[in-house]
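Q: when you get a sec, could you give me coordinates for this:
(one chain, ligands or ions: 2)
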Amino acid sequence: NQQTELLRRKLDISVKGNFVPAPILSFSSCNFHQKLLQNLEDAGYEMPTPVQMQAIPAALIGQSMLVTAETGSGKTCSFLVPIVSYCVKLNNNSNQQKPQAIVLAPTRELCIQVEEQAKLLGKGLPFKTALVVGGDAMAGQLYRIQQGVSLIVATPGRLIDLLIKHDIELDSISTLVIDEVDCMVQRGFLDQVMQIFRALSQPQVLMYSATISREVERVAGSMVKDLTIILVGKPNK
Ligand code: ADP
Ligand code: MG
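A: Ligands and ions are numbered 1, 2, ... in the order given. Okay, the predicted model is just below:
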């Protein structure tokens, strides 16, 4: 509707796709767990950033999407907040957590940052995370997953190593995040990413990029039938 159009124009958001929900103006409008709202407040996040305003409600209703917004625009929380919210609602009735989401990022450093952010948002909630990256012993990473986690944050290569050597139940995974998908493509990680995607059963796919790329759009379109495209502000060149 027209109000949504005006709001998007004001926020410099453009969208493509069927039924993309209106941007949210506050975290508290989303029916999140009180503790999640508290964790956002404690982190100093008073208001969602524009990319969060648009991507969070779309992710919450299960849309698969390609989100492009410049570095530093708050993309991490725009996928982590819906994941934490979803997992917390699901884990409410059980102590045993099963992996619900995988976040793939191109480097160990990025994975560490994403996991830290996830821990911050999930503090005091039934939401455990595992980090699967090179440089640390695989045994510890495997043990952590076997103890029950909701989110796995991984580099593609290391996750594949782990999946080849060990039987990890992936049936429960409903969301796959591909962070810095432009970088993944540039570094030649696409085959590994696709291998992981194919091991899952029709997950919601959330792809994030800081740059506009035809190649990335083609890849995204090939993975997902009804792709929502969100572009916020001026992307990196
Ligand atoms: P991107 O992935 O788009 O490059 P990040 O997710 O790393 O950006 O976020 C950039 C910075 O903004 C981080 O330091 C993060 O803590 C901060 N941030 C994220 N969301 C908010 C918010 N809603 N309010 C204030 N700061 C935020
Ligand atoms: Mg990022």
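
Q: when you work out contacts or count neighbours from here on, use the C-alpha atoms and nothing else.
A: Will do.

Q: residue 231 reaches residue 14, doesn't it?
A: Yes - if you go by C-alpha atoms under 8 Å, residue 231 and residue 14 touch, sitting 5.2 Å apart.

Q: next one: stretch 133-142 to chain centre, how far?
A: Offset of stretch 133-142 from its chain centre (C-alpha atoms, centre = their mean, to the nearest Å): 22 Å.

Q: buried set for that stretch?
A: For stretch 133-142, the neighbour count (16 or more other C-alpha atoms under 10 Å) marks 133, 138, 141-142 as buried.

Q: identify, from those residues, the entry nearest to residue 184.
A: Distance to residue 184 across the buried residues of stretch 133-142 (C-alpha to C-alpha) is lowest for residue 133, with 15.1 Å.

Q: over to that closest one: give its phi and psi.
A: Here is the backbone geometry of residue 133 (degrees, to the nearest 10): phi -140, psi 160.

Q: and for residue 60?
A: Note on residue 60: its backbone torsions stand at phi -60, psi -30 [degrees, to the nearest 10].

Q: ok, it touching residue 84?
A: No - in this structure residue 60 lies outside contact range of residue 84 using C-alpha under 8 Å: 10.6 Å.

Q: do I have it right that residue 182 meets residue 210?
A: Yes - using C-alpha under 8 Å, residue 182 makes contact with residue 210 at a distance of 7.4 Å.

Q: is the longest helix belonging to the chain up against ligand 1 anywhere?
A: Looking across the chain with DSSP state H, the single longest helix is helix 75-91. Yes - counting by C-alpha under 6 Å from any ligand atom, ligand 1 is contacted by helix 75-91 at 75-77.

Q: ok, residue 60 and residue 84, which is more surrounded?
A: residue 84 (27 against 16; other C-alpha atoms under 10 Å).

Q: returning to that earlier point: render the CA-only coordinates of the longest helix of the chain in PDB, please.
A: Extracted in PDB, the C-alpha atoms of helix 75-91 (Å, rounded to 0.1, in the frame of the first residue of the first chain):
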ATOM      1  CA  LYS A  75      23.000  -7.100   8.300                       C
ATOM      2  CA  THR A  76      24.100  -9.600  11.000                       C
ATOM      3  CA  CYS A  77      21.300  -8.800  13.400                       C
ATOM      4  CA  SER A  78      18.800  -8.800  10.500                       C
ATOM      5  CA  PHE A  79      19.300 -12.500  10.200                       C
ATOM      6  CA  LEU A  80      20.200 -13.400  13.800                       C
ATOM      7  CA  VAL A  81      17.200 -11.800  15.500                       C
ATOM      8  CA  PRO A  82      14.600 -13.800  13.500                       C
ATOM      9  CA  ILE A  83      16.700 -17.000  14.100                       C
ATOM     10  CA  VAL A  84      17.000 -16.400  17.800                       C
ATOM     11  CA  SER A  85      13.300 -15.700  18.000                       C
ATOM     12  CA  TYR A  86      12.300 -18.700  16.100                       C
ATOM     13  CA  CYS A  87      14.500 -21.100  18.000                       C
ATOM     14  CA  VAL A  88      13.500 -19.700  21.400                       C
ATOM     15  CA  LYS A  89       9.800 -20.300  20.600                       C
ATOM     16  CA  LEU A  90      10.600 -23.800  19.400                       C
ATOM     17  CA  ASN A  91      12.800 -24.700  22.300                       C
END
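
Q: restricting to C-alpha, output the very next helix or strand once past it in PDB.
A: Using DSSP states H and E, the helix or strand that follows helix 75-91 in sequence is strand 101-104. Output of strand 101-104 as PDB, limited to C-alpha atoms (Å, rounded to 0.1, in the frame of the first residue of the first chain):
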ATOM      1  CA  ALA A 101      19.900 -22.800  11.400                       C
ATOM      2  CA  ILE A 102      23.300 -22.700   9.700                       C
ATOM      3  CA  VAL A 103      25.100 -19.400   9.100                       C
ATOM      4  CA  LEU A 104      27.900 -19.700   6.500                       C
END
